[in-house]
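Peer 1: Task: produce atomic coordinates for the following.
(2 chains)
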Amino acid sequence: MGITVEGASKRFGDFQALKDVSIEVPNGSLTALLGPSGSGKSTLLRAIAGLETLDGGRVLIEDEDVSTKPAQKRGVGFVFQHYAAFKHMTVFGNVAFGLTIRKWKKPQIEERVHELLRLVQLDGLAERYPSQLSGGQRQRMALARALAVEPQVLLLDEPFGALDARVRKDLRTWLRRLHEEMHVTTIFVTHDQEEAMDVAKQLVVMNEGRVEQSGTADELYEQPANEFVMSFVGEVNRLGDHFVRPHDMDVVLDPDERTEEAMVQRIVALGFEIRVEFALGDGTEVWAQLTRAELQKLELREGQIVYLRPGQAKSFSGSPPSNGHGASTPRSQTDDGDAEVSAAV
Amino acid sequence: MRTASSARSRWGLRTLGLGYLTLLLLAPLAMIFYKTFEHGIAAPLDAITSPDGLHALKLTLIMIAVAVPLNTVFGVGCALLLVRHRWKGNPAIDAIINLPFAISPVVIGLSLFLLYGTNGWLGPTLAEAGIKILFSVPGMILASVFVSLPFVVRETVPVLQEIGTDQEQAASTLGASAWQIFWRVTLPAIRWGVAYGVVLTTARVLGEFGAVTIVSGSISGQTQTLPLFVEKQFEAFNLPGAYGASILLAVLALSTLLAMNLLKRKEDA
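Peer 2: Alright, predicted model coming up:
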């Protein structure tokens, strides 16, 4: 295994950031740790790097227990959300940092740094200072700096979180390609499910210090383990005990035994996709995602009474009531705060 | 109308501010310069180049040479402790460091006198060991260190807080030891803050009078720094000597302030 975490727990004062978390990340894979803020994903990443010490549990990198090793000796590359650029050093100095610490000879350092700068498309900017770079350039510099020392694993903590949407999209494609070339075991933390699905093949969904589910993007979307995962990896409507994706809501004009009456509240055209909002008889608000063609065929207008037929409805029977995020944790784990959550990726 | 009245009030404020500065700061300084050179440069120059004058200059420079490095090392270390290591005693340390700002230098001098004097707690023991603190250079250094202690800490703490720990953590994941992190990452990042503190410390030691005067006894040619020399000359009605030494002191102080402004500009750039 590239990275193994066994039974990790961590507490900050009154806040339990990690509750007996176990994950396995195969060698050479690109895995996303996905979860809302406060879910423990960054703490887990920092614990793998040695930037946080765990209260309990073990961290193994390439099957070696590194739990007691300081960050300095773990051989990880770490990329921070806010770049952590050495502001008083040039781009060259930043990327060369790990190599000068390892006492490489000057010609070798130069060769390696320029090779990396080409890789991250910053060649020609070696003599600039971080303050003279854009956010995207700074983050690519930070990535080159982390890769310079040939780390066994690469850890990225919301690496694109501080960048604007367009740059973020470019960098995400670029990171995926880079990983295809380098094959370094990589963990990537994000709160953006689209970003996680775009970049990583394997995802680990975290919530409230626990792993909720792990698997491929398809598995999480098609077979979510619980309400939390279902609502976190995509849009969801709640109909009583059932959960339905907005694109699985069939809108029909004639009732049958599986339909429910609803009134069209609002029709919002979002380009190709049309968002239609309904109110059910009991006041519940739901919405359906239709295509432009479907809308034209149905000739919907606001105030109209139609019938909804939820296809592909899921129920997580016995799930406790929603906790404000419209989300809940699986029943087996809610009663016992220390329930074992093990996830093989 | 609005712009006219705001322009008028702006000019009014400027005049008021400049007038205040002139009356309280510039006029007295200008008077010293005028009085010093009123009857030519010979008399003040003689006073400064007299053996006692030169000794006072030398002693002042010694004070700076010892107190400034000491307080710089202590100040940076202390700032690191306060900012980087959460401990419940930190607020108390923080308050103690401010003591020299709050206590009058004369009181500081007196307290050192009580501690190291013949009837003090440490005085007799040290005297037996042959170490003389009062009325000699070590006591003056102690006084100088005491009064100028907070500057480097106070200037470094906010800079350390501002740079955060990201750069240091990045350095540690890249294989740097604590020592390497300090010299290669932390210190370069806080260098202008530290330098600013050093300049303020220097200016404070240069001008220190109250505490040093009590512990030194102000013996001409032995335990007189420049400020003490100025006072002695003034008391002895040797006005050219007093003015000449004052000018020297003022020039030294002004050049440290100039250094400070240059540093500040560099920091902003």
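Peer 1: Does residue A:313 touch residue A:241 like I think?
Peer 2: No: using CB atoms under 8 Å, residue A:313 is not in contact with residue A:241; the gap is 9.1 Å. Every residue, glycine included, has its C-beta placed from N, CA and C.
Peer 1: More neighbours: which of these two?
Peer 2: More crowded of residue A:313 and residue A:241, by other CB atoms under 10 Å in any protein chain shown: residue A:313, with 17 against 12.
Peer 1: how about the helices of the stretch 51-200 of chain A, start to end?
Peer 2: A:91-101, A:106-119, A:135-148, A:165-182, A:193-199 (DSSP state H, counting those that start in this stretch).
Peer 1: tell me, how many neighbours does the closest residue to residue A:197 other than its chain neighbours end up with?
Peer 2: Leaving aside its sequence neighbours, residue A:197 sits nearest to residue A:217 (CB to CB, 6 or more residues apart in numbering or on different chains; 4.1 Å). Using other CB under 10 Å, residue A:217 is surrounded by 19 other residues.
Peer 1: Ramachandran coordinates for residue A:28?
Peer 2: phi 80, psi 0 (degrees, to the nearest 10).
Peer 1: before we move on, the earlier item: show me what contacts the residue nearest to residue A:197?
Peer 2: A:196, A:197, A:200, A:201, A:203, A:233 (CB atoms under 8 Å, 6 or more residues apart in numbering or on different chains).
Peer 1: Just the buried residues from the residues you listed, in ChimeraX please.
Peer 2: The buried residues among the contacts of residue A:217 can be selected in ChimeraX (16 or more other CB atoms under 10 Å in any protein chain shown) with this line:
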select /A:196,197,200,203,233
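Peer 1: Name the nearest of the contacts of residue A:217 relative to residue A:6.
Peer 2: residue A:203 (19.9 Å; CB to CB).
Peer 1: For the closest one, which residues are in contact?
Peer 2: Taking CB under 8 Å, 6+ apart, one finds A:31, A:32, A:34, A:196, A:197, A:214, A:215, A:216, A:217, A:220 in contact with residue A:203.
Peer 1: ok now the helix or strand hosting residue B:242, how far from the chain's centre?
Peer 2: In the assignment (DSSP states H and E), residue B:242 maps to helix B:239-268. In terms of CA atoms, centre = their mean, to the nearest Å, the centre of helix B:239-268 is set 12 Å apart from its chain centre.
Peer 1: count of neighbours near residue A:302?
Peer 2: 11.
Peer 1: How about the secondary structure of the closest residue to it other than its chain neighbours?
Peer 2: Leaving aside its sequence neighbours, residue A:302 sits nearest to residue A:264 (CB to CB, 6+ apart; 5.4 Å). What DSSP: H, G, I helix; E, B strand; the rest coil gives for residue A:264 is strand.
Peer 1: gap between residue A:264 and residue A:270?
Peer 2: Residue A:264 is 16 Å from residue A:270, where distance means CB to CB, to the nearest Å.
Peer 1: ok, the two, which is more surrounded?
Peer 2: Set residue A:264 next to residue A:270 and count neighbours by other CB under 10 Å: residue A:264 wins out with 19 against 8.
Peer 1: Need the max-distance pair from the contacts of residue A:217.
Peer 2: It's A:201 and A:233 that sit farthest apart of those, by CB to CB, at 14.6 Å.
Peer 1: Burial check on residue B:188, number of neighbours?
Peer 2: By other CB under 10 Å, 15 other residues sit near residue B:188.
Peer 1: Give me the residue ranges of the chain where confidence is low.
Peer 2: Since you didn't name a chain, this refers to chain A. A:317-345 (pLDDT under 70).
Peer 1: ah, I was thinking of chain B
Peer 2: B:1-3, B:267-269.
Peer 1: Around chain A, which positions in it sit nearby?
Peer 2: B:166-167, B:169-177, B:180, B:184-185, B:188-189, B:191 (CB under 8 Å from any CB of the partner chain).
Peer 1: which ones among those residues are found in helices?
Peer 2: B:166, B:167, B:169, B:170, B:171, B:172, B:173, B:180, B:188, B:189, B:191 (DSSP state H).
Peer 1: and the residues you listed, which are buried?
Peer 2: B:167, B:169, B:170, B:171, B:172, B:173, B:180, B:189, B:191.
Peer 1: And those, which two are furthest apart?
Peer 2: B:173 and B:191 (23.2 Å).
Peer 1: and residue A:235, how many neighbours?
Peer 2: 13.
Peer 1: Skipping adjacent residues, who's closest to it in space?
Peer 2: Nearest to residue A:235 is residue A:246, by CB to CB, 6+ apart, at 5.1 Å.
Peer 1: How many residues are close by the one you found?
Peer 2: Residues near residue A:246, counting by other CB under 10 Å: 18.
Peer 1: For it, which residues are in contact?
Peer 2: Contacts of residue A:246 by CB under 8 Å, 6+ apart are A:235, A:236, A:237, A:275, A:286, A:287, A:288, A:289.
Peer 1: Isn't the first one up against residue A:243?
Peer 2: Meaning residue A:235. No: in this structure, residue A:235 is not within contact of residue A:243 by CB under 8 Å, at 10.4 Å.
Peer 1: what touches both of the two?
Peer 2: Joint contacts of residue A:235 and residue A:243 (CB under 8 Å, 6+ apart) do not exist.
Peer 1: Good, wrapping up.
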